[in-house]
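*Asks:* What would the 3D arrangement of this be:
(chains A, B and C)
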Amino acid sequence: MQPNIQFGVDYYPEHWPQSRWETDFAMMQDMGIDVVRLGEFSWFKLEPADGQFDFGWLDDVLALAAKHDIHAVLGTPTAAPPAWLIAQHPDIQPVDREGRTRYFGGRHHDCQSNPIYRDYIARFVRTYAQHFGKNPTVIGWQVDNELGNSHGGLCYCKYCQRHFQKWLREKYQTIENLNDNWGTAFWSQGYQDFSQIQAPKITVTGENPSEMLDWKECHSDLINEFHAYQAKIIRQYSPDRFITHNMMGFSPVVSYYNLGRQLDFASHDQYPSGHFLADQNSFRGDRCAAELDFIRGVKQQSFWIMEQQTTITGWEVMGRLPKPGQIPLWSMQSVAHGADAIVYFRWRSSALGTEQYWHGILPHSGIPGRAYREIRHFMRQTKPLLKEINGTVPRAKVGIVFSYPQDYAIDIQPQHPDMTYVDTLMTYYKALYRRNVAVDFIQDTADFSQYELVIAPLQYLMTPTLADRYAAYVQAGGQLVLTMRTGVKEANNLCMTDAALPGETLGQVLGLTVPEYDCLRDAAVVIDWAGQQYTGTHWADLIAPTTAEPLAIYGSEFYAGTPAITKNQYGQGTAYYVGTELTDALADHLVAGLSTVAAETIATPAEVEIVHRDAAAKRYYFVLNHTGEQQNITIPVGWQAYFSDQDSGHLAPYSYQVFTEETN
Amino acid sequence: MQPNIQFGVDYYPEHWPQSRWETDFAMMQDMGIDVVRLGEFSWFKLEPADGQFDFGWLDDVLALAAKHDIHAVLGTPTAAPPAWLIAQHPDIQPVDREGRTRYFGGRHHDCQSNPIYRDYIARFVRTYAQHFGKNPTVIGWQVDNELGNSHGGLCYCKYCQRHFQKWLREKYQTIENLNDNWGTAFWSQGYQDFSQIQAPKITVTGENPSEMLDWKECHSDLINEFHAYQAKIIRQYSPDRFITHNMMGFSPVVSYYNLGRQLDFASHDQYPSGHFLADQNSFRGDRCAAELDFIRGVKQQSFWIMEQQTTITGWEVMGRLPKPGQIPLWSMQSVAHGADAIVYFRWRSSALGTEQYWHGILPHSGIPGRAYREIRHFMRQTKPLLKEINGTVPRAKVGIVFSYPQDYAIDIQPQHPDMTYVDTLMTYYKALYRRNVAVDFIQDTADFSQYELVIAPLQYLMTPTLADRYAAYVQAGGQLVLTMRTGVKEANNLCMTDAALPGETLGQVLGLTVPEYDCLRDAAVVIDWAGQQYTGTHWADLIAPTTAEPLAIYGSEFYAGTPAITKNQYGQGTAYYVGTELTDALADHLVAGLSTVAAETIATPAEVEIVHRDAAAKRYYFVLNHTGEQQNITIPVGWQAYFSDQDSGHLAPYSYQVFTEETN
Amino acid sequence: MQPNIQFGVDYYPEHWPQSRWETDFAMMQDMGIDVVRLGEFSWFKLEPADGQFDFGWLDDVLALAAKHDIHAVLGTPTAAPPAWLIAQHPDIQPVDREGRTRYFGGRHHDCQSNPIYRDYIARFVRTYAQHFGKNPTVIGWQVDNELGNSHGGLCYCKYCQRHFQKWLREKYQTIENLNDNWGTAFWSQGYQDFSQIQAPKITVTGENPSEMLDWKECHSDLINEFHAYQAKIIRQYSPDRFITHNMMGFSPVVSYYNLGRQLDFASHDQYPSGHFLADQNSFRGDRCAAELDFIRGVKQQSFWIMEQQTTITGWEVMGRLPKPGQIPLWSMQSVAHGADAIVYFRWRSSALGTEQYWHGILPHSGIPGRAYREIRHFMRQTKPLLKEINGTVPRAKVGIVFSYPQDYAIDIQPQHPDMTYVDTLMTYYKALYRRNVAVDFIQDTADFSQYELVIAPLQYLMTPTLADRYAAYVQAGGQLVLTMRTGVKEANNLCMTDAALPGETLGQVLGLTVPEYDCLRDAAVVIDWAGQQYTGTHWADLIAPTTAEPLAIYGSEFYAGTPAITKNQYGQGTAYYVGTELTDALADHLVAGLSTVAAETIATPAEVEIVHRDAAAKRYYFVLNHTGEQQNITIPVGWQAYFSDQDSGHLAPYSYQVFTEETN
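*Replies:* Sure, this is the predicted structure:
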């Protein structure tokens, strides 16, 4: 159901006079736009009073689109319930952890478990899908917007509390079972009945980590169910259209794996400059690459970019202006990692509201400028390529395990103040990125045997099943990398008490136990590896090898001389254990010694990225120069230049080249 | 109605035993005090129970004042409603943006739109003004205290919400008009009715900048109306007395221009050390000077200092102890910039309450010390001078435009995290201050033709009328300096969409357009000007000149070589455009090249300030040495020494000299 | 009633399967454990439903303990009211200063003035004490846990407000008296009636410091009364058992002097690594020593450690791993400063709840490791010593005054942003610590004549009685050190107004007045002392000597050349005044010149501590090497080695030695 479409824009005709629409569509068509996303925040315009629907203006927009050979993806505007609804039912407004209502005036001023809000949504979406669902211009749908965003501070209202109780009742069946799994013997937190459980608002001090993990899981499930609630209606009234969703990379709220199961394909909002609040002064090509690979991994298939940055982003404050070439380069990076279509955000910088400085292809004045010219050139040049590679993905030999429960649990107890799940994963990803080795992000339920090397950092929550799967993978010849804080907890976030860390099974796979550990806080520890000195940070496991061979050893602290990184033969395979947080140089040393990585490495200058997609008998190589300087690489024998703008292997600042190679 | 009065103190007899009052007044009279401000926080003492007034003690105070030839300014104590009133009507207490009540226990624990509070005020002020209004000792009034202070976090209670709705109804008449002006098409924020609009409390994420601007304007109007409500009663019962108000320089809450229209003259609270929370380790003579000039600009006339710092300021923590000479020097700086009277804060350090460490002329012990001696000497020496110059102001040839809506709008969207309206204004002011060039702060509705040079930074909100006024000023021969972020918005805080920045009219006046811009964040940009290298910060406009001539050009970033500062002949005048935030050296280069500035410059060592006031045929020059070292200047021919403490032109640390010069 | 017991552990059998208990007790007995603390957080397990008590499991635990010759201290679990109680009476949950309820989910989710909570406590504690009170295994009791902890943010609910009104009525009798003592003439804060007084929640701006002091005193009294409420019931039903409480050093909430009066002996929770949130990368031996000395001072007798750190501490994040030897060393430091018994926290790292990473002797796995081995060795080696010295304390010749009201008042108004009462005390303590001079912390009501030297920093709140006591002490020959900010306030936190600082009496004792002062903020001031240059920080009093002799003088600022530190003969004694905050070198210079200090000094390398306890005719010296290096000291003639692990005077890293010396 994923159509062969290449380029789009997010278009908000309701922000502009109707007299302008024709001009906009004509300009889009001229650029090569295939699709517009429409409607995602326009509830009030579509239902200006309770039960009174006004779809005429959107009919007109769709007609204009059709006239210009442009398709449409319709968003449901449920992220922005109108003022009349809030005025009638103010408790739709969410309540934060401190008990404060968060009021109308932004977006997502809603509680997703509120039954009245749900009723209004059902009516709206049904009416909307009935009206537009079979319009031939409409090819697909997006439910709400960036689900999980804006609700980082979740909702703790009475409806959410009831919902949490219900979710827990279904999960645990009996209150005794919940008490056991939450460890409520600690601090006398036992419950007699599910009705006594509160949404976890601010306490005097401390939290129950098992409860907090369930709260996060429950919230992820709620958001998924919120999506399903709308998607079911849409599928009923709008057959043969796709449903996708604009995800946000490693956003830590909702499980995209679960959401992905509801979708025809995944989409991603790609803002290399990040949100304006973050430090966005320097481009982080590796993080962007990882998020693209991760989104590809949601369904292990190619995807769309639903919002691709066009120029300066910002709300109250703004980020830097992209350099000439960066916007096409970033677009091409999205393509290189598996995007089939690029939908630019947004057509024209909004004159209205919070996002006045989250700019679009056209500036406020509507006068085409540099962003317009660069994007138009990119579209014209790459459209044939995108058609050709539609649906392809790379064949990666390395898998990195990403798991939402691990992310949630490390967030609840970071253990070291600066330790995060994603940062630790990125340590490994970046080392591979610097060697241009293709990576898949995979679930811990994936078929590991498809990969020569599996890297699974921070396997903090552990089950016997998962431990057995890792053991079987290594037994059968796989290479596995595990790290500190593995096997610490049961799935319910209670500490494992049966055996020394990392647990019986993994202890055998790795050939070691971890009887003690040191949280390094602001200190660093020296690591010696084959005569070279490196630095470990955040954490140091004190490792007692049984059969493991030390690769690197600590060179400072009272445990100097004991192993920091080990290797163990287990069955036909090899298991590595990393007892500290790796600095870049140390991560480079580690991955360089892994046979798969060595074989896959393509050397390039720093921040020159090579990535590929594999068609039936052809591999497409994308060479991306993220630097502001000219860069030269040696083109391997057998690569054919696909574009001829520049001499092959000679890349101007912020430019790209594409090559093909025949593959059997 | 502004009397020829020179010196006063803020006196709180209610903090001290009645037996002490006579001593205090005798000491004041001996010093040369003409006036005391009384009563501003003593509601409970004056109305100790609901409807029971006890004015006898204040009668006694006024009688004692009269006996010692001292006048009185009476404050209305409405900034401190008593506990009995709050206990009866707890919802008088204000509610902050997070929905938290702010309780009794400090001051300003009131909502200025609360109707019950208003009723109590009306009764109190009427009774108070009836009783004291014609007392010959009472020469004037102050309503409340530092209006806009303490309410920085405004009030968001139900009364304020209703008030906001009413204010909006009056402004916009129809809800459709409001929807258009607020751009509610964005994020589905449209309203069917004014009653649906909430006070803008915390949201999940984001705000509507147009709504926020109206909220600030509405609040400023409310405070002005709150003043008018009391002033009307006072004028009825206390004829032939002045009403003034103690303002706080560039305080960003209430429009002092509007407040000034209600006053006979403006007053200012001058604390060079700042509030204790701010960094007050170093004296900022330029900022003090600017605030004094600004207060003079409120009504374009001379003013009072209603609270002049006497020594250490502080609440829970304190600032530095002023050096010998600094208190007289700061007093003289107030005079030099247009103060006719100096009222010192306060007579004696309070033994009670929050402000125990906001010290007075006398220490807690009542034993006169250094502050007393320095101030007494200053008063005796300068009283004749103050009588002579009463009512005079300088004749400035340079005007800097200050506008509250611009200040509000930049505060809502600073665009760069460190950009503020006042700081950007100060960049220009300080460059002029370093050259001792007299400046008027003016409204954007002022008669620009009175000035040879008008500097109007950050003209962010723009109307056709204002653009035309700037054009006409230049056309007729004026010199105009405009900057980055000019013409970005309409008056309703929606983005201008009709033309490229800075808009049609100003684009012609300046001879350029601004098709792109770069928010520099933590970076700086090199600026080349005639072979010299400078630095620009925060912002860089990419300028496309039409007729403008580049003065300075960017020396780094991809736009190196393009103009950063330009000059354009337009009609009989010249318009300058500055596309970046100026560092001091760059600002110096800019202003030195402006003919008016060059002509008015008087060179002095750093932090030696010269400023003047113009009487009918005589100009008074004040030379102020803000440094801790001896400083020497060359006295121009024609200057006559007014004081003879020191050799003319030879200034001891923290000292001043006054000169006169005959003028036509 | 303090038994001769040496070692214990905090044990939570309810966290583990019953099948494990026997193993645990057998291991404890093998180690040498005498006592377990039980039950302090297990309300729900003991009263699983309203009025249904289940004490059987604890009977079993006590029987097992008895079987292994282990005694028990029972805690009352009132810091953790169960969910069923909160569900029935949600307003037991406390309300913070911002008006936010703090919910169930951690601990101390209770308001100690709530009458319903009190009723439930009374019933629980009565039933509990009836059941266990005469069990021969039970030797003592602990009420609640770390009273004052977790309630740092106090409670501001309606019950607390009423309680505060009642407390004030008892203290002041009439509202006029309260108005006078609170200085409510300031900012019109006068009350007609006690019922108008609110709990001091957040204001718009500012607070009344006199009210805040009463609020803190009231809260301390409430917590003490909360303890007494339970202790009375326990004493009724459990005769001949001790009651102690686990205090937390200089914790600033509840007066431990008052609490101590209810106890048979004091106890302390000793965590040299601090809580995980603090910077705990470096060991602060001086601060640990001071807190131990302070706890000894609570009752001027030896004490217990109720929680002694065993290894890594932490909640969501953790601290550093103790080095080999540090745990025994820290245990020995506790002993050296007066601990008779060491109860380790906790037996085994909890698998459950918030404190999963506040580790115990055994790791989660239960497999004994390094902590177990080090502690077992320590216990076996030192048990005979502890039996021998039970009940002894040092005889100190130096007393440092510690006063809760001073601590409260400086916290309310620090005056300098970085000034705290404890830090200023520590300046003096640390200088004595570096010279191994024994110190007692004493109340300001203590018999000063027992000490040759009394150091009383920041005597901010002053009464005529206290001034007279200091005068009498010096008159009779004592040495007294007073500092800046002495005599500033009356006991009611109103400023003293009768005389120049530091008041009439102390001015005579010290031979000076302080007419001015300078809050140095970020600046430092040069101090010249006998040709050597030092630095003073935070504060500089400008001192006018009458009879005092300057010791050190300011060497910078406009008051250079005036005294900074003075000495005055008064009667038979000497009074020193210190006008600035001392840096370490300056404090060393000061104390070295005090005759008592010189006589008591024992020189050691840095961070090698010597401290003693005095038995009838024998003194025990403890030499503690807090460094990671070998340290050597010269053993004085007459010292006998008590332990023979190492050569006398040669101390391995993190090791200790004990010596004895015959006395009289």
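*Asks:* Shouldn't residue A:170 be within a strand?
*Replies:* No - if the criterion is DSSP: H, G, I helix; E, B strand; the rest coil, then residue A:170 is helix and not within a strand.
*Asks:* next one: the biggest strand by length in chain A to chain centre, how far?
*Replies:* Identified as the longest strand of chain A according to DSSP state E is strand A:512-529. Computed by C-alpha atoms, centre = their mean, to the nearest Å, the chain-centroid distance of strand A:512-529 equals 30 Å.
*Asks:* ok, residue A:385 - how many residues close by?
*Replies:* When neighbours are counted by other C-beta atoms under 10 Å in any protein chain shown, residue A:385 registers 18. From N, CA and C alone the C-beta is placed, and that goes for glycine too.
*Asks:* ugh, wrong one, I meant residue A:87
*Replies:* 16.
*Asks:* In three-state terms, label it for me.
*Replies:* Per three-state DSSP, residue A:87 ends up helix.
*Asks:* hmm, back to that, which helices and strands sit right next to the longest strand of chain A?
*Replies:* strand A:532-545, strand A:549-554, strand A:563-570, strand A:580-582, helix A:584-592 (3 or more C-beta pairs under 8 Å, 6 or more residues apart in numbering or on different chains; DSSP states H and E).
*Asks:* and it with strand A:549-554, angle?
*Replies:* Strand A:512-529 runs at 60 degrees relative to strand A:549-554, counting by axes from the mean of the first three to the mean of the last three C-alpha atoms, to 10 degrees.
*Asks:* buried ones in strand A:512-529?
*Replies:* A:512-521, A:524-525, A:527-529 (16 or more other C-beta atoms under 10 Å in any protein chain shown).
*Asks:* ok, now stretch A:166-183?
*Replies:* So, applying 16+ other C-beta under 10 Å, buried residues of stretch A:166-183: A:167-169, A:172, A:175, A:178-183.
*Asks:* what do you get for stretch A:548-561?
*Replies:* Those would be A:548, A:550-559, for stretch A:548-561 by 16+ other C-beta under 10 Å.
*Asks:* Could you list the low-confidence segments of the stretch 401-550 of chain A?
*Replies:* Within the stretch 401-550 of chain A, no range satisfies pLDDT under 70.
*Asks:* State which one residue of it is found closest to chain B.
*Replies:* residue A:411 (19.6 Å; C-beta to the nearest C-beta).
*Asks:* so which strand or helix has that residue?
*Replies:* Under the criterion of DSSP states H and E, residue A:411 resides in helix A:404-412.
*Asks:* Could you do residue A:331 as well?
*Replies:* helix A:326-336.
*Asks:* can you give me the offset of that helix from its chain's centre?
*Replies:* That offset, for helix A:326-336, works out to 17 Å (C-alpha atoms, centre = their mean).
*Asks:* quick check: mean pLDDT across it?
*Replies:* Mean pLDDT, computed over helix A:326-336, is 97.
*Asks:* Repeat that for stretch A:181-198.
*Replies:* 98.
*Asks:* again, but for stretch A:207-225
*Replies:* 97.
*Asks:* circling back: please work out which residues outside the helix or strand just after the helix holding residue A:411 touch it.
*Replies:* Per DSSP H and E, the first helix or strand lying C-terminal to helix A:404-412 is helix A:421-433. Applying C-beta atoms under 8 Å, 6 or more residues apart in numbering or on different chains, the external contacts of helix A:421-433 come out as A:250, A:252, A:285-287, A:289-290, A:293, A:398, A:400, A:402, A:406-407, A:410-411, A:439, A:455, A:457-458, A:481, A:483, A:581-582, A:584, A:587-588, A:590-591, A:597, A:609.
*Asks:* The stretch 51-200 of chain A against chain C: which residues are in contact?
*Replies:* A:98-99, A:183-192, A:195-198, A:200 (C-beta under 8 Å from any C-beta of the partner chain).
*Asks:* Can you say which of these are buried?
*Replies:* Neighbour-count burial (16+ other C-beta under 10 Å) applied to these gives A:98-99, A:183-192, A:196-198, A:200.
*Asks:* circling back to that earlier point, for residue B:62, find the nearest of the helices and strands packed on strand A:512-529.
*Replies:* strand A:532-545 (70.8 Å; C-beta to C-beta).
*Asks:* Listing partners with orientation, what would you give for the closest one?
*Replies:* Paired neighbours of strand A:532-545 in the sheet (DSSP bridges): strand A:512-529 (antiparallel), strand A:580-582 (antiparallel).
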